[in-house]
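Trainee: model this:
(chains A, B and C)
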Amino acid sequence: MSALWSLLRRDLLLALRRPSEVLTVVFFFVVVAALFPLAVGPERATLRMLAPGVLWVGALLASLLALNRLFEADHRDGTLEQMLLSGTPLTLLVVAKIAAHWVLCGLPLVLLVPLLGVLFDLSGDALGVLALSLLIGTPVLSCIGAIGAALTLGLRGGGVLLALLVLPLFVPVLVFGAGAVEALAAGLGSGAHLSILMALLLLSGLFSPWACAQALRIALE
Amino acid sequence: MRWESWSAFWHMGGYALYVWGSVGVSFALLGVEAWWARRERVRTLAWLRAEQAAHAHDSTGAQP
Amino acid sequence: MRRIAWTHYAAPQTFYGLAGVCWKPLALLALALALAGMWVGFMVAPTDAQQGEGYRIIFVHVPVSWMSMIIYLAMAFWGVVCLVFRARMAGMLSQALAPTGALFAFLSLWTGALWGKPMWGAWWVWDARLTSELILFFLYIGFIALTSAIQDPRRADRAGALVAIVGAVNVPIIYFSVKWWNTLHQGASVSLTRSPSMAQTMLWGMLLMALACWVYALAMVLYRTRSLILQRERHADWVAQLPELSPGVRP
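Mentor: Just a heads-up that it's a prediction; the model follows:
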């Protein structure tokens, strides 16, 4: 357990010392959100309808940007191999890396979304559900994405390959995440969608670290 | 035979484009796949032959 | 104690021989089944009351859709064998299956579009099955892209195996989520599946075509695996002594 915390702390510290990486991801999200109204026009009703989908896809793409570098730095300086050889179970270390990724890239998006939702004229209720769906959903993206990041470790063209591998697997999260807000707008209540998101979080939380550890072994052997 | 004539068959009750577009493209692409697999095999064998010839050449050249 | 026969064929050399003997009769069988299926579908099966002659696309659309899913499951199965038993042949089989599976997925989308246009007026409808098929196609492309990008064959096999397994586990989840998404948005409640009360002949036509696709896939995979074996085992003695390597012999 202490290994988990120390690895998590180390990753967060490293990221704080080079904030540009995290800030790039965050600003990417903001820019994408700002581009859509420019593309579809300022009509408020249209924007309100598009907002959940647009913001969710933006969050998806922003998460993807940072996934590339999840294991890259450690792989380059040999830390990753040390992690493999150390006595600590690799799965535990992977949990730490995924958690760090989420704190640095997922959580800021959740915190930003109320602000961006204002750009799309979303009501308070809708904003709340959107933020909640992102809060539950972005960890799932980190979990699934980590598997892809491990599989494409060190490959040329890794970024695009990672996106190709991982985006189809993101679809359920996207459907239920954006769908939660749309269900609210349709008067059906977001409970069902959010429950399913929780279930996805539990599933991916349980299986992804193990699958990701296997992928790391495959990549490094 | 349920078609009055061959032209009725090809016409497919007006759906000719869709039906033959589907069937035609499917058979065509499956054919392309088979051709491609054969091409792969031919190239692999040619490459292996070349490697073998190179090895034989090397070993005969190395003998005193 | 008799050894299980299949472990004998887990060696590339024996598999190469077995595949060499089997693929041609299988290919011919596939052709015969396809001709029979096309005969039943296009000459025997009656005209549909609602869809006229246009429905006959199902004799291609349904078999290729089934095969695209079955092949992905087969890839995942061989993926498990590859990771658990570390069998070289399993990895090769998975990679040999992928292009055929991807092609079937593409044909499913193509024929689905050509069926949808006259029936529902649009080249593409976002119904659950077509959308899931689209995502399955992306999963295939991802597998092929990843295995091509990795130079080391062992790593490629095992990475592909993991991708196939993760994908296979996710396909039901993806299908369920797309179905949910479809019903929530109350889009056209169209379904590209036929009603259960289908004429006998239509069923027979589809079954024959499905069998034809399956046997074709078998023949294609066996043929393609032979090339893979030659590439991977090129330094082995038995490869050097193959008759097809002598000049002038038909490949």
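
Trainee: My guess is A:Cys212 contacts A:Thr152. True?
Mentor: No: between A:Cys212 and A:Thr152 there is no contact under C-beta atoms under 8 Å: 11.9 Å. Heads up, the C-betas are built off the backbone N, CA and C, glycines and all.

Trainee: Tell me the residues on the stretch 151-251 of chain C that lie near chain B, please.
Mentor: Counting by C-beta under 8 Å from any C-beta of the partner chain, the residues of the stretch 151-251 of chain C lying close to chain B are C:216, C:220, C:223-224, C:226-227, C:230-231, C:234, C:239-240, C:244-245, C:247, C:251.

Trainee: where are the low-confidence patches of the stretch 51-200 of chain C?
Mentor: Low-confidence segments of the stretch 51-200 of chain C, defined by pLDDT under 70: C:184-198.

Trainee: all helices of it, in order?
Mentor: Remark: helices assigned in the stretch 51-200 of chain C by DSSP state H, counting those that start in this stretch are C:58-85, C:88-120, C:128-149, C:153-184, C:200-232.

Trainee: now those helices in CSV, with distance to A:Leu4 and mean neighbour count?
Mentor: Listed next are the helices of the stretch 51-200 of chain C as CSV, based on distance: least, C-beta to C-beta, whole Å; neighbours: other C-beta atoms under 10 Å in any protein chain shown:
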stretch, distance to A:Leu4, mean neighbour count
helix C:58-85, 26, 22
helix C:88-120, 33, 23
helix C:128-149, 29, 21
helix C:153-184, 24, 21
helix C:200-232, 40, 21
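
Trainee: CSV please, covering those helices and showing distance to chain A.
Mentor: Output for the helices of the stretch 51-200 of chain C, formatted as CSV (distance: least, C-beta to the nearest C-beta, whole Å):
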stretch, distance to chain A
helix C:58-85, 8
helix C:88-120, 11
helix C:128-149, 4
helix C:153-184, 4
helix C:200-232, 18
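
Trainee: closest to A:Gly137 out of those?
Mentor: Taking C-beta to C-beta, helix C:153-184 is the member of the helices of the stretch 51-200 of chain C nearest to A:Gly137, at 12.2 Å.

Trainee: angle of the closest one against helix C:58-85?
Mentor: On the basis of axes from the mean of the first three to the mean of the last three C-alpha atoms, to 10 degrees, helix C:153-184 is oriented at 130 degrees to helix C:58-85.

Trainee: ok now helix C:153-184, how far from the chain's centre?
Mentor: Centre-to-centre, helix C:153-184 and its host chain are 15 Å apart (C-alpha atoms, centre = their mean, to the nearest Å).

Trainee: Show me what that helix packs onto, helices and strands only.
Mentor: For helix C:153-184, the packing partners by 3 or more C-beta pairs under 8 Å, 6 or more residues apart in numbering or on different chains; DSSP states H and E come out as helix A:124-151, helix A:158-185, helix A:191-220, helix C:58-85, helix C:88-120, helix C:128-149.

Trainee: Tell me which of those helices approaches chain B most closely.
Mentor: Chain B sits nearest to helix C:88-120 of all the helices and strands packed on helix C:153-184, at 4.2 Å, using C-beta to the nearest C-beta.

Trainee: Can you lay out the helices and strands packed on helix C:153-184 as a markdown table showing distance to chain B?
Mentor: Shown next, in a markdown table, are the helices and strands packed on helix C:153-184 (distance: least, C-beta to the nearest C-beta, whole Å):
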| stretch | distance to chain B |
| --- | --- |
| helix A:124-151 | 25 |
| helix A:158-185 | 22 |
| helix A:191-220 | 26 |
| helix C:58-85 | 5 |
| helix C:88-120 | 4 |
| helix C:128-149 | 13 |
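
Trainee: and A:Leu112, which of the ones you listed is closest to it?
Mentor: When those are compared for distance to A:Leu112 using C-beta to C-beta, the nearest one is helix A:124-151, at 9.4 Å.

Trainee: hmm, that closest one touching chain C?
Mentor: Yes: contact of helix A:124-151 with chain C (C-beta under 8 Å from any C-beta) involves A:147, A:151.

Trainee: Am I right that A:Asp121 is in a helix?
Mentor: No: with DSSP: H, G, I helix; E, B strand; the rest coil as the criterion, A:Asp121 is assigned coil and is not in a helix.

Trainee: A:Leu38 versus that one, what's the distance?
Mentor: Using C-beta to C-beta, to the nearest Å, we find A:Asp121 at a distance of 15 Å from A:Leu38.

Trainee: more neighbours, the two?
Mentor: A:Asp121 (16 against 8; other C-beta atoms under 10 Å in any protein chain shown).

Trainee: close enough to count as contact, that one and A:Leu47?
Mentor: Yes: with contact defined as C-beta under 8 Å, A:Asp121 reaches A:Leu47; the gap is 5.7 Å.
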